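Asks: What follows is a predicted protein model with its sequence.
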Amino acid sequence: KQEVTQIPAALSVPEGENLVLNCSFTDSAIYNLQWFRQDPGKGLTSLLLIQSSQREQTSGRLNASLDKSSGRSTLYIAASQPGDSATYLCAVGGGYNKLIFGAGTRLAVHP
Amino acid sequence: EPEVTQTPSHQVTQMGQEVILRCVPISNHLYFYWYRQILGQKVEFLVSFYNNEISEKSEIFDDQFSVERPDGSNFTLKIRSTKLEDSAMYFCASRSQTTLSYNEQFFGPGTRLTVL
């Protein structure tokens, strides 16, 4: 059974720092991996999707990497801003592309 | 930009009552999903739906739950007899098979269900 773990559970950084969020999964037989942002009480905003055949994806200040064989993905956020404060969720796509989610990393960026 | 919409945003019901949560997926999408998130917990997969039938369901999705695509635009989740533990945020998602990023799922804003 696929298990997804995210470390750290919470992170507080000053504005401008570069930071890395970690995601690990137990079964490497995945179709894809998707990173989401969730603001309190809100829905899920898709940030990046990495197909199983890809090693990384970039969107603006965000870069996500995938190492399927070791069951790991990282989300790199460059030059963090207070507006980046949110919970970041990692989800792996399996059969019929159902997503299995991690518990998230709660990020606070303070001015 | 096309988006997934859900109604209502908040539903309060009494234990034992039936509720129907509604979703309008993105118009050219072919795969539809329901997930739920109990407060403070992980987002959990409930069911996936393709070609007018369930393609996969989780252990949570027992016979109290059902899904339907009653017309060309709506996708509904029905809970027949709600329990206190059904209180959660319910998310609808959809994906296309026609674009390069065909397996990216797009989520709606959610319906918060409160069972009293």
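Replies: Great, that's in hand.

Asks: what's the closest non-adjacent residue to B:Tyr33?
Replies: In space, and not counting its chain neighbours, B:Tyr33 is closest to B:Ala93: 4.3 Å by Cβ to Cβ, 6 or more residues apart in numbering or on different chains. No exception for glycine: its C-beta is placed from N, CA and C like everyone else's.

Asks: in the sheet, who's paired with B:Gln6?
Replies: Judged by DSSP bridges, the bridge partners of B:Gln6 are B:Cys23.

Asks: Contact partners for it?
Replies: B:21-24, B:90-92, B:108-111 (Cβ atoms under 8 Å, 6 or more residues apart in numbering or on different chains).

Asks: Now for those, which sits with the most neighbours around it?
Replies: When neighbours are counted as other Cβ atoms under 10 Å in any protein chain shown, the busiest of those turns out to be B:Cys92, with 28 neighbours.

Asks: My reading is that it is in a helix; is that accurate?
Replies: No. Secondary structure of B:Cys92 (DSSP: H, G, I helix; E, B strand; the rest coil): strand, not part of a helix.

Asks: got a list of what it touches?
Replies: With Cβ under 8 Å, 6+ apart, B:Cys92 has these contacts: B:4, B:6, B:21, B:23, B:25, B:32-35, B:75, B:77, B:107-108.

Asks: From those, pick the one nearest chain A.
Replies: B:Phe107 (4.1 Å; Cβ to the nearest Cβ).

Asks: Please enumerate the strands of chain A.
Replies: Along chain A, counting by DSSP state E, strands occupy A:4-7, A:10-14, A:19-25, A:32-38, A:44-51, A:56-59, A:62-67, A:72-77, A:86-93, A:99-101, A:105-110.

Asks: same question, chain B
Replies: Under DSSP E, chain B gives strands at B:5-7, B:10-13, B:19-24, B:31-37, B:43-50, B:53-57, B:65-68, B:75-79, B:88-95, B:106-107, B:111-115.

Asks: can I get these in TSV with distance to A:Lys98 and mean pLDDT?
Replies: As requested, these are exported to TSV (distance: least, Cβ to Cβ, whole Å; pLDDT from 0 to 100):
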stretch	distance to A:Lys98	mean pLDDT
strand B:5-7	19	96
strand B:10-13	24	97
strand B:19-24	16	97
strand B:31-37	7	96
strand B:43-50	5	95
strand B:53-57	6	92
strand B:65-68	14	96
strand B:75-79	15	97
strand B:88-95	10	96
strand B:106-107	13	94
strand B:111-115	20	97
